[in-house]
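Engineer: Predicted model and sequence below, questions to follow.
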Amino acid sequence: MKAISRIAVISVAVAGLAACASMDDRGATLSPETSPIGPDKAYMSRVEKIASRRGIEVMWVNPPVKHETLVASGD
């Protein structure tokens with residue numbers, strides 16, 4: 001009985017590792033159609049205004065970034 005449970009556990013582990021290895025990283029990077037153009041100052045000011053009304057001080061460690069969509073020319 002111990003041998004069957006060991007085989008089952010090893011089979012599940014191998015299947016899990018195979019599934020992780022087959023994942024692609026396309027979701028982790030920006031698509032080539034977008035380009036960062038700088039901090040999203042409108043969003044930052046809205047958040048800071050709401051925070052100041054509530055008596056909270058906001059310190060941006062990683063400020064939100066606004067992205068620009070690039071359009072390909074039809075040459």
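Structural biologist: Noted; the coordinates are in hand.
Engineer: pLDDT score assigned to Arg46?
Structural biologist: Note for Arg46: predicted pLDDT of 95.
Engineer: How many residues are close by it?
Structural biologist: 11 (other C-beta atoms under 10 Å). Glycine gets a C-beta too; all of them are placed from N, C-alpha and C.
Engineer: quick one: low-confidence parts of the protein?
Structural biologist: Within the chain, the stretches with pLDDT under 70 are 1, 18-34, 70-75.
Engineer: Tell me where it has helices.
Structural biologist: 2-21, 41-53 (DSSP state H).
Engineer: Return the distance of Asp40 relative to Ala51.
Structural biologist: Distance of Asp40 to Ala51, computed by C-beta to C-beta, to the nearest Å: 16 Å.
Engineer: Counting neighbours, what do you get for Lys66?
Structural biologist: Neighbours around Lys66, by other C-beta under 10 Å: 13.
Engineer: just to revisit the earlier point, Asp40 and Ala51: which has the busier surroundings?
Structural biologist: For the pair Asp40 and Ala51, the greater number of neighbours falls to Asp40 (15 against 12), based on other C-beta under 10 Å.
Engineer: Please produce TSV containing the helices of the chain, extended by distance to Val61.
Structural biologist: Putting the helices of the chain into TSV (distance: least, C-beta to C-beta, whole Å) gives the following:
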stretch	distance to Val61
helix 2-21	30
helix 41-53	12
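Engineer: winner for burial among these?
Structural biologist: helix 41-53 (a mean of 12; mean count of other C-beta atoms under 10 Å).
Engineer: which outside residues touch that one?
Structural biologist: Helix 41-53 is contacted by residues Glu57, Val58, Trp60, Pro63, Pro64, Lys66 when judged by C-beta atoms under 8 Å, 6 or more residues apart in numbering.
Engineer: What distance do you get for the fourth one to Tyr43?
Structural biologist: Okay, so that is Pro63. Relative to Tyr43, Pro63 is positioned 9 Å away (C-beta to C-beta).
Engineer: Fine, thanks again, bye for now.
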